[in-house]
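J.: next comes the sequence, and after it the predicted model I'd like to discuss.
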Amino acid sequence: MPAVSKGDGMRGLAVFISDIRNCKSKEAEIKRINKELANIRSKFKGDKALDGYSKKKYVCKLLFIFLLGHDIDFGHMEAVNLLSSNKYTEKQIGYLFISVLVNSNSELIRLINNAIKNDLSSRNPTFMCLALHCIANVGSREMAEAFASEIPRILVAGDTMDSVKQSAALCLLRLYKTSPDLVLMGEWTSRVVHLLNDQHMGVVTAAISLITCLSQKNPDEFKTCVSLAVSRLSRIVSSASTDLQDYTYYFVPAPWLSCKLLRLLQCYPPPEDGAVKGRLVECLETILNKAQEPPKSKKVQHSNAKNAILFEAISLIIHYDSEPNLLVRACNQLGQFLQHRETNLRYLALESMCTLASSEFSHEAVKTHIETVINALKTERDVSVRQRAADLLYAMCDRSNAKQIVAEMLSYLETADYSIREEMVLKVAILAEKYAVDYSWYVDTILNLIRIAGDYVSEEVWYRVIQIVINRDDVQGYAAKTVFEALQAPACHENMVKVGGYILGEFGNLIAGDPRSSPLVQFNLLHSKFHLCSVPTRALLLSAYIKFINLFPETKATIQEVLRCDSQIRNSDVELQQRAVEYLKLSSIASTDVLATVLEEMPPFPERESSILAKLKKKKGPGAVSVTELEDSKREGGELNGGGDRGQDTATMAASNASTPSPSADLLGIRSTAPLGAAPASAGSLLVDVFSEAGPTAPSAAVNDDGFLSSAPPSEDPAPPLSEADDLLNKFVCKNNGVLFENQLLQIGIKSEYRQNLGRMYLFYGNKTSVQFASFTTTVSCPGELQSQLNVQTKPVEPLVEGGAQIQQVLNIECLTDFSDAPLLNIKFRYGGALQNLTLKLPVTINKFFQPTEMTSHDFFQRWKQLSQPQQEAQKIFKANNSMDTEVLKAKLLGLGTALLDNVDPNPENYVCAGVIQTKSQQVGCLLRLEPNAQAQVQHTDSPERVSHNYSSIPNFLHYLSPYSVNI
Amino acid sequence: MMRFLLLFSRQGKLRLQKWFTPMAEREKKKIIRDMTSAVLARQPRSCNFLHWKDLKIIYKRYASLYFCLAIEDQENELLALEVIHRYVELLDKYFGNVCELDIIFNFEKAYFILDEFLMGGEIQETSKQIVNRCIESSDMLQETMEEYMSKPAF
């Protein structure tokens, strides 16, 4: 007997459901279902036409069977038939079946679309709603094609019923999400925005979801919604709890609509209009105030609805990140929730505070809750809450509290849920590195990590500790001592053996003076772990042993014996066997000198983005961490370990998975102690030297550093030119030879010579590493109109550049007409598998084609006066930073390519130059006067020229000149 | 937006499934398995939220039934709890003291009520009165018990 049935019940269905429920076993259930399927099939195939009721009942039974998890391969046609029934309940079941069992059968879709079309044009609101629901539920491309233009019309038509408008808005949203290309913006879009003003709250609630989605994609087109949303919000927030009748939910006025409005505002920056902004701030304050009022009901629904609005308001405040007062209030409010008896609120407060921690206004306020958060980590019963607490600790960590937080996270790790241990390990490793003040603390922390959660310490983590120890000689002795002590434990994790083997192999000598850790003791300690380890660890240990032979000749005999024994030299693993054989041979035939060279201490690792962070980001998926990380690095970048500048940090983060060595901007702020590239080679002429005298220790390394970063996205497309490409270019305005670019891997030198409108440039690519560059290709291109102005020819270079080798490339350059851009040089190669890609500007500037011209004072001033039209002259006044040394200035002006004319200007302080720019199509005469004003440290440059249409290039090279004068 | 709503019993029996985005049957089955095991394994007095892949799972138990709603990352958890509650209220109002059996035997009604309340993963109408009025009006063709009993049982 059916338990309950209401409305237009179907007795047969109820009986069937009860039969199924009474089945004692899965088999019995399947048997009953098969019987029913056979029955329905025969009814559908039978000669007698079924009435609507029976059809509905059988379709409904099929649906039930499907929902039980069985496949249904018939009945679709009958369901489609139901769609055209005039009885609402039959139509409804038909639509339900179609919605649940979408079939991509195109013929059927056409029939369904026909039925939908009929219902949409029926003007019967209930039928229209059913049809719209079906479109939204199926949301297929075919349906979007058929109805995407019809639905906006229904939505904004004046005579559409409210309920239909609601369905149409959400149906359109669905189609827009699945096939945005088919939903064309049009006249309806502006009218949709005004639905925010609709009388009917239900219409506003439905429409705002659509408007929010449209605004995210086309913010400009919909920005009028901001003021409408603010005024609607303000009306709701200030209304009494009874004003909105049924839209008040447990004494909270329109919580869903309020949240949606606050969410919509998060698509935009703070309103520019002062009045609108004032009104909004008032709303936000009211919401914050209401949180402090006593609850109007004890029901959880009341507090949930009220706090939902509060959290959404806090999200908006965080999004604006511009109202310190509101941010701090938000933080205090969340602080209260941290100790709330509702677990849900504690959870959400922790989560929300994570984002507040990244705002500079509220970071400090968040930090004041550290004890509560630590307490949550220790005492919360619910693992998801503890997880949020750990996230928040990570987010609020900075230099001032790093030691405390890392210690707490370490102790939490001992009992942490297995599912989150790996992430916790990564976070601890990152914090320890990022905020390490002294590296002994860092080493301790990582070794503790391995001790506590060795299984969860990924390769990235232990690789990283080794890199850091190798790069920082102040911590090597301490590291050796600490791993030695850690290895004393009877059972230590294999990762500890790896780190220990590596570090003792490199730096065991630093602790060998102590008889308690004499070479032989160290060796025996390591070797006692050997047999418990996996093959890769054993291989690592064998390498440590051969390093021992070099470090401590007295261990040679013992170690050779170990290598010689069968278990090594005849090991079934080919890698181990090979190592044993080779190391044994090496140790017996090589002289001490050779051994010392071969087994030299590891050179410093090139600094790179922490692979740990890359891993954490990968784990969390894009977006999850990177946003807060970026915020972090923005905030911390400047002060960290004297690390690189902020821009670089961000750039490294962006190239998150790049495994390319980034010379400086190690995110975690640890700089290589190894000196970066040598000072720029002064291969140039005397003149060049004069001009690059800004300092022989020139900051070229620093410049190139971040250049490398921005130039190394792992992409096959030519990288955009370096941000400082123009600076590099400017270095060469007045000189023809020198180092164009240098980073840790590559040095590019330039020698060039020019005659008339022709030039030849020699590029020298030097591989600074010991590893071969593969697929080395260089491409010179003239972007845009430069193509018709400059002709550059070259031959391809050899694709392989051996370590330490230099290759040369010759460019032939012809100046066709005047130009202002520089040709681009793109260089791509693979270094250790990673694609390097950088683009530089080649220092080919119009002044290279100057031919100096001598002339008398009389000629000079006659021509000077003739060039009086505005487009024929350019004047620039600029400040010199350094003293204006006559010789330096002269050298620069000569370097520019012009003739420096003596005894021309009546004022001997002034410099006068003349030259002719040679292009293939024409010659352009140029005159130049530099008028230093020693008192004001100001210089005037006047530079008329002869050919008026050539105006554009002259200010350009004046521009080049100016930084140089400034540098003097 | 909301991605899916599942109703299942304490024994893990699925009572209602609503998918707001198209999904392959195999994937649905996997999600149902994941959700039932994740939610049923939760300790009492835990919070009502879980992270699952890129979604937030909001669940709440009403008597013998678990309501489990998946929302996108930027959505509001507390409000999602109230979406569940409002749906329960709507069912309650319609069936009068709703229980699991009502939803088993009248699953199509449970779907219809849900469709009046939510659409395409968004809230369509939050007013209890309006939703109920819609549902009631579609039941205008209510039969008498006599008519009902005279209908064939197969």
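T.: Alright, I've got the coordinates. Because the structure is predicted, anything quoted here is derived from the model rather than measured.

J.: distance check, A:Leu111 against A:Glu150.
T.: 18 Å (CB to CB, to the nearest Å). The way it works is simple: take the backbone N, C-alpha and C, and place the C-beta from them, glycine included.

J.: ugh, wrong one, A:Gln404
T.: Distance from A:Gln404 to A:Glu150, by CB to CB: 62 Å.

J.: just B:Ile32 next, same as before
T.: 35 Å.

J.: what does A:Thr555 give?
T.: For A:Thr555, the distance to A:Glu150 - CB to CB - is 86 Å.

J.: more neighbours: those two, which one.
T.: A:Thr555 (22 against 16; other CB atoms under 10 Å in any protein chain shown).

J.: in a helix, B:Asn97, correct?
T.: No: assessed with DSSP: H, G, I helix; E, B strand; the rest coil, B:Asn97 is coil; it does not lie in a helix.

J.: next, count neighbours for it.
T.: 8.

J.: where's it relative to B:Glu82, distance?
T.: In terms of CB to CB, B:Asn97 sits 21 Å off from B:Glu82.

J.: and the residue lying closest to A:Ala148 once chain neighbours are set aside, how many neighbours?
T.: Nearest residue to A:Ala148, sequence neighbours excluded (CB to CB, 6 or more residues apart in numbering or on different chains): A:Leu182, at 4.2 Å. Close neighbours of A:Leu182, defined as other CB under 10 Å, add up to 16.

J.: how about low-confidence regions in chain B?
T.: B:140-154 (pLDDT under 70).

J.: tell me where it has helices.
T.: Remark: helices assigned in chain B by DSSP state H are B:25-40, B:77-95, B:100-105, B:107-117, B:128-138, B:145-150.

J.: ends of stretch A:408-417, what's the gap?
T.: End-to-end span of stretch A:408-417 (CA to CA, to the nearest Å): 15 Å.

J.: per-domain residue ranges of chain A.
T.: A:226-320, A:397-598, A:723-845, A:847-961 (the TED database).

J.: for the stretch 201-350 of chain A, what lies in contact range of chain B?
T.: A:201-202, A:205-206, A:209, A:246-247, A:249, A:254-257, A:259-260, A:263, A:301, A:304-305, A:307-308, A:311-312, A:343-344, A:346-348 (CB under 8 Å from any CB of the partner chain).

J.: please check those and keep the buried ones.
T.: Neighbour-count burial (16 or more other CB atoms under 10 Å in any protein chain shown) is assigned, among these, to A:201-202, A:205-206, A:209, A:247, A:249, A:254-257, A:259-260, A:263, A:301, A:304-305, A:307-308, A:311-312, A:343-344, A:346-348.

J.: mind checking which of those residues land in strands?
T.: A:Tyr249 (DSSP state E).

J.: just the buried ones among the residues of the stretch 201-350 of chain A next to chain B: which are in helices?
T.: Going by DSSP H, the helices hold A:201-202, A:205-206, A:209, A:255-257, A:259-260, A:263, A:301, A:304-305, A:307-308, A:311-312, A:343-344, A:346-348 from these.

J.: I figured A:Leu457 was touching A:Leu426, is that so?
T.: Wrong residue type there; residue A:457 is Val, not Leu. No: contact criterion CB atoms under 8 Å: A:Val457 and A:Leu426 do not qualify, at 9.1 Å.

J.: now the helices of chain B as TSV including distance to A:Glu561 and mean neighbour count?
T.: Compiled in TSV, the helices of chain B are given as follows (distance: least, CB to CB, whole Å; neighbours: other CB atoms under 10 Å in any protein chain shown):
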stretch	distance to A:Glu561	mean neighbour count
helix B:25-40	56	15
helix B:77-95	66	21
helix B:100-105	75	20
helix B:107-117	78	22
helix B:128-138	86	17
helix B:145-150	95	10
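
J.: hang on, B:Ser127 packs against A:Gly202?
T.: Yes: using CB under 8 Å, B:Ser127 makes contact with A:Gly202 at a distance of 6.1 Å.

J.: which residues are in contact with each of those two?
T.: A:Tyr247 (CB atoms under 8 Å, 6 or more residues apart in numbering or on different chains).

J.: does A:Ala436 touch A:Asp444 like I think?
T.: No: applying CB under 8 Å as the test, A:Ala436 and A:Asp444 come out as separate, 10.3 Å apart.

J.: more neighbours: which of those two?
T.: Neighbour count, other CB under 10 Å: between A:Ala436 and A:Asp444, A:Ala436 has more, with 26 against 18.

J.: quick one: secondary structure of that one?
T.: Going by three-state DSSP: A:Ala436 is coil.

J.: secondary structure element for the closest residue to it other than its chain neighbours?
T.: With CB to CB, 6+ apart as the criterion, A:Ala436 has its nearest non-adjacent residue at 3.9 Å, and that residue is A:Tyr442. Secondary structure from DSSP states H and E places A:Tyr442 in helix A:439-453.

J.: return that helix as PDB; C-alpha atoms alone will do.
T.: Provided in PDB are the C-alpha atoms of helix A:439-453 (Å, rounded to 0.1, in the frame of the first residue of the first chain):
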ATOM      1  CA  TYR A 439      70.000  29.600   8.400                       C
ATOM      2  CA  SER A 440      70.700  27.300  11.200                       C
ATOM      3  CA  TRP A 441      67.100  27.800  12.200                       C
ATOM      4  CA  TYR A 442      66.100  26.900   8.600                       C
ATOM      5  CA  VAL A 443      68.200  23.800   8.700                       C
ATOM      6  CA  ASP A 444      66.800  22.700  12.000                       C
ATOM      7  CA  THR A 445      63.300  23.200  10.800                       C
ATOM      8  CA  ILE A 446      63.700  21.200   7.700                       C
ATOM      9  CA  LEU A 447      65.400  18.400   9.500                       C
ATOM     10  CA  ASN A 448      62.600  18.400  12.000                       C
ATOM     11  CA  LEU A 449      60.200  18.200   9.200                       C
ATOM     12  CA  ILE A 450      61.900  15.100   7.900                       C
ATOM     13  CA  ARG A 451      62.000  13.600  11.300                       C
ATOM     14  CA  ILE A 452      58.300  14.200  12.000                       C
ATOM     15  CA  ALA A 453      56.800  13.700   8.600                       C
END
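
J.: counting contacts, what elements does it pack onto?
T.: For helix A:439-453, the elements it packs on are helix A:402-413, helix A:418-434, helix A:459-471, helix A:476-487, helix A:494-507, judged by 3 or more CB pairs under 8 Å, 6 or more residues apart in numbering or on different chains; DSSP states H and E.

J.: contacts for it?
T.: A:403, A:406, A:410, A:413-414, A:416, A:421, A:424-425, A:428-429, A:432-433, A:436, A:457, A:461-462, A:464-465, A:468-469, A:472, A:474-475, A:478-479, A:482-483, A:486, A:489, A:492-493, A:495-496, A:499.

J.: flag every buried residue along that helix.
T.: Buried residues in helix A:439-453 (16+ other CB under 10 Å): A:439-453.

J.: dump the helices of chain B to a markdown table, plus distance to chain A.
T.: Formatted as a markdown table, these follow (distance: least, CB to the nearest CB, whole Å):
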| stretch | distance to chain A |
| --- | --- |
| helix B:25-40 | 7 |
| helix B:77-95 | 4 |
| helix B:100-105 | 4 |
| helix B:107-117 | 5 |
| helix B:128-138 | 5 |
| helix B:145-150 | 6 |
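
J.: columns distance to A:Asn826 on top of those helices, output as a markdown table?
T.: Formatted as a markdown table, the helices of chain B follow (distance: least, CB to CB, whole Å):
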| stretch | distance to A:Asn826 |
| --- | --- |
| helix B:25-40 | 44 |
| helix B:77-95 | 49 |
| helix B:100-105 | 65 |
| helix B:107-117 | 57 |
| helix B:128-138 | 63 |
| helix B:145-150 | 80 |
